[in-house]
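Asks: have a look; sequence and predicted model below, questions after that.
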Amino acid sequence: MTIAVEDYTYRYGDDVLAVDGVSLTVDDGEFLVLAGANGSGKTTLVRGFNGLLTPAEGSVRVNGRPVDDDPVAARSSVGMVFQNPRDGFVAATVGADVAFGPENLGLARADIDRRVADALDAVRMAGRGEERIDELSGGERERVAIAGALAMEPDHLVLDEPFTGLDWAARQSVLERLRALHADGVGVVVVTHDLRDVAALADRTVVLADGTIALDSADPAPDDLTALGVRPP
């Protein structure tokens, strides 16, 4: 159950090389922090993990299968939580939004309802399925976005800057859930430029700079992180 990226290259238009020949493997159950300064290519890279972006060159395999061969399987295996949760919402209420992914898998209603209930319980929002998303706080919206990804029962969960705009209590709630997921064997990838919240959870930290891997370490030195535009823990 791995994500295997080989020689991944992505360009925006003809002039902007966002990711330049990156090769990276995210192992089954690994907690990986993908760090880097703004514009280093982090989001572009992870959006290729489940086919949201298709590289100009190179390949991505999820659980041994090329993403291009079966994007639905890739998106079931790799759950994605966007930097701005609003970018991923597709329904007005909490329950309807969390149910959207499982519904598109064609699951039976009973299985969908179970997944929604389990996912909302996991982020401490049980019983709140009828609430409107536009009336929630920023932290609650982040938790709904995570629930939507969890309802797909993915092998890997990718979160792009999940702590932006969250207060201390909301950050602690999200961290607690990520810690539990990791303990349960779910692979977790957190994209960030600030390691203060997640360094203690990480099995490995990979830092991008100018679209390439500048650092790959289980215990990166603070000075090395700072030099690459990453805030150390």
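Replies: Noted; the coordinates are in hand. What you are looking at is a predicted structure, and each value in this text was computed from that prediction instead of being measured. Numbers count the residues shown, from 1 in each chain.
Asks: may I see the buried residues of stretch 16-33?
Replies: 17-20, 22, 24, 26, 29-33 (16 or more other Cβ atoms under 10 Å). From N, CA and C alone the C-beta is placed, and that goes for glycine too.
Asks: which of those residues sit farthest apart?
Replies: 17 and 29 (32.3 Å; Cβ to Cβ).
Asks: in the protein, which residue is closest to the centre?
Replies: residue 158 (1.5 Å; Cα atoms, centre = their mean).
Asks: shouldn't that residue be within a strand?
Replies: Yes: the assignment for residue 158 by DSSP: H, G, I helix; E, B strand; the rest coil puts it in a strand.
Asks: and the gap between it and residue 174?
Replies: Going from residue 158 to residue 174 by Cβ to Cβ, to the nearest Å gives 14 Å.
Asks: what's the answer for residue 166, then?
Replies: On the measure of Cβ to Cβ, residue 166 and residue 174 end up 7 Å apart.
Asks: now do the shared contacts for those two.
Replies: 139, 142 (Cβ atoms under 8 Å, 6 or more residues apart in numbering).
Asks: could you list every helix and strand in contact with the helix or strand bottoming out on mean pLDDT in the chain?
Replies: In the chain, the helix or strand scored least confidently by mean pLDDT, DSSP states H and E is helix 168-183, which has a mean of 85. Applying 3 or more Cβ pairs under 8 Å, 6 or more residues apart in numbering; DSSP states H and E, one finds that helix 168-183 contacts helix 138-150, strand 156-160, strand 187-192.
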